[in-house]
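Undergrad: following is a predicted model, sequence given first.
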Amino acid sequence: MSEVIGILNGRVVIDPDVCNGKPTLRGKRITVQSILEYLAAGDSEQEILEQYPSLEPEDIRACLACAAYLMNERYEISRVA
C-alpha cells in the first residue's frame, strides 16, 4: 500500500496510485495541473466550478498556492554535452 500525502489543508493530495502520482484535488481525479491550465487559458474561477461542480472555490485557491509553493524552489539549468 502506498503512502498518500495531503498538503494545503488536505485539499491537494499526492497518491502514487491516482493520476500517476500527480497532485490532485481532495483525492478526486482532477489534477492541480488541469486547473492551472484552465486558469492560464483565461477561464474564470466560476467557469471552472461550473465544469467541475464537485470543486469548491478553496480548491482553486489551493492549486494556486501549490504552484506558488513550487515556484519558491531554486532551479538550476544544466546543459548536456
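TA: Sure, I can see it.
Undergrad: averaged pLDDT, the helix or strand harbouring A67. What do you get?
TA: Assigned by DSSP states H and E, A67 falls within helix 57-71. Mean pLDDT, helix 57-71: 92.
Undergrad: buried sites along that helix?
TA: 59-60, 62-63, 65-67 (16 or more other C-beta atoms under 10 Å). Bear in mind the C-beta positions are built from the backbone N, C-alpha and C, glycine included.
Undergrad: chain center to the host helix or strand of I48: distance?
TA: I48 belongs to helix 45-51 when assigned by DSSP H and E. Relative to the centre of its chain, helix 45-51 is centred 15 Å away, using C-alpha atoms, centre = their mean, to the nearest Å.
Undergrad: which residues does that helix contact?
TA: 35, 38-39, 55-57, 60 (C-beta atoms under 8 Å, 6 or more residues apart in numbering).
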